[in-house]
Structures are given as structure tokens and as C-alpha cells.
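Novice: Here is my input; please provide its structure:
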Amino acid sequence: MKKNPAKNIIEDFGGLTVFNRGSRRATKQNKRNSMLTPMLGEITGSIHVGLAGLGSAIGVALVGMKASEAVGRNPGAFGRIITLAVLGMALSEAIVFYAIYLVR
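Specialist: Reported below is the predicted structural model:
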């Protein structure tokens, strides 16, 4: 299918929609965007996983801190507290695995 330069052409570059009128200048710009889009995807994916890891680390630290405070207040409830703390840490760390899965 030939592209008619007079008509508006809609091109899709990895989720980024570009409206092109068919001029040479716009075509050169689209080629530059098509090379830039995967690189931006890699950068934003890395930031995504990094922030998820940071949030998960903070969550695990808070759960551990509060669990140790709870055991200090009531040593008899150690078994129930440690069970809930480990469960909370596992759920907090699952966020990183979701982020890694979404970036792939």
C-alpha cells in the first residue's frame, strides 16, 4: 500500500502515535522517533524497577521494625507476630517481581 503525501497518515511507534502529513521533514523526524522510542522504553523500565525495589525495601524495613517493636512489648506473642511479619515481608517483596515481569 503506497502512502499518499497529501493525506494524513497515522503511524504507531510502540504505543506512541504520531500524526504525519507526509513531508520529508516529518518523515525524518519519525525515523528519529522510531530509534529513540526503544531507548526511552529501556530507561523508563529501569526507573520502574528501581522505584519498585526502593518501595519494597522500605516496606520490608517497616514491617521488620514494627515486628521487633511488637515482640519487645509482648514476648509471648512471638509466634503469631513472626508469622504475620514474614507474610507481610513476602507480600511487600512481591511488588518487585511484578515490576520485573511488567518490564520484560
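
Novice: how about the helices in the chain?
Specialist: Under the criterion DSSP state H, helices of the chain are mapped to 24-73, 78-103.

Novice: weakest of the ones you listed by average pLDDT?
Specialist: Mean pLDDT values for those show the minimum at helix 24-73, a mean of 82.

Novice: Give the other helices and strands that it contacts.
Specialist: strand 9-13, strand 16-20, helix 78-103 (3 or more C-beta pairs under 8 Å, 6 or more residues apart in numbering; DSSP states H and E). Using the backbone N, CA and C atoms, a C-beta is placed for each residue, glycine as well.

Novice: what's the closest of those to residue 49?
Specialist: helix 78-103 (5.0 Å; C-beta to C-beta).

Novice: which helices and strands sit right next to the closest one?
Specialist: Counting by 3+ C-beta pairs under 8 Å, 6+ apart, helix 78-103 packs on helix 24-73.

Novice: got the angle for the helix it packs on vs helix 78-103?
Specialist: Interaxial angle, helix 24-73 versus helix 78-103 (axes from the mean of the first three to the mean of the last three C-alpha atoms, to 10 degrees): 170 degrees.

Novice: Make sure residue 63 is actually in contact with residue 85.
Specialist: Yes - judged on C-beta atoms under 8 Å, residue 63 makes contact with residue 85 at a distance of 5.6 Å.

Novice: hang on, the earlier thing: make TSV out of the helices and strands packed on helix 24-73 and add mean neighbour count.
Specialist: Putting the helices and strands packed on helix 24-73 into TSV (neighbours: other C-beta atoms under 10 Å) gives the following:
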stretch	mean neighbour count
strand 9-13	12
strand 16-20	12
helix 78-103	14
